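Undergrad: next input, structure requested:
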Amino acid sequence: MIDLPYKAPDFTLNDEDSIGHSLVDYAGKWVILYFYPKDDTPGCTVEACSLRDARDDLAALGAEIIGISKDEASAHEKFKAKHSLNFTLLSDPEAKVIAAYGAWGKKMFGQEGILRKTFIIDPSGNVVKVFGRVTPLGHGEQVSDALRALQAA
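TA: Just a heads-up that it's a prediction; the model follows:
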């Protein structure tokens with residue numbers, strides 16, 4: 001495990017409208033960067049809706065939410081519309097960014113895939129908090145509480 005804080009790996013990935021988003025675009029803001037296995041599956045939906053419900057609180061704290069999975073942009077578009085998701089979802093079909101953040105690895109039963117992980121990145125572009133093995137239910141509130149604590153420190 002890498003000691004915190006550390007420089008967040010930069011990336012450029014497309015959203016559902018084929019618009020490129022880079023981490024550097026969010027310089028000066030807090031970023032909640034979360035990795036999830038697949039659009040519209042039970043756990044991923046609970047996690048996304050939890051972050052959706054916490055978005056106003058996180059925005060008030062100066063944070064942007066970005067979700068990344070291997071799903072295609074068209075799947076992201078449907079997922080966002082179906083669940084009224086109010087934040088950016090990016091496609092990483094080759095899992096390069098997923099791997100750069102250590103969100104790819106062995107899962108249950110020895111299979112490899114995307115690990116459910118969330119990173120809080122400060123306005124200077126440093127990872128200051130990592131949530132590994134995220135529990136989807138209540139994750140948005142957990143992230144809000146952690147961000148509030150980081151900002152108070």
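
Undergrad: mind listing the strands for this structure?
TA: Taking DSSP state E as the criterion, the chain carries its strands at 6-7, 12-14, 20-22, 30-35, 63-69, 88-91, 104-106, 112-114, 117-121, 126-131.

Undergrad: out of those strands, which one sits most buried?
TA: strand 30-35 (a mean of 24; mean count of other C-beta atoms under 10 Å). The C-beta positions use only the backbone N, C-alpha and C, and glycine is treated the same way.

Undergrad: so what touches that strand?
TA: Contacts with strand 30-35, where a contact means C-beta atoms under 8 Å, 6 or more residues apart in numbering, come from 8, 23, 47, 51, 58, 61-69, 98, 101, 103, 114-123, 134, 143, 147, 151.

Undergrad: ok, back up a step: to residue 78, which of the strands of the chain lies closest?
TA: strand 88-91 (10.6 Å; C-beta to C-beta).
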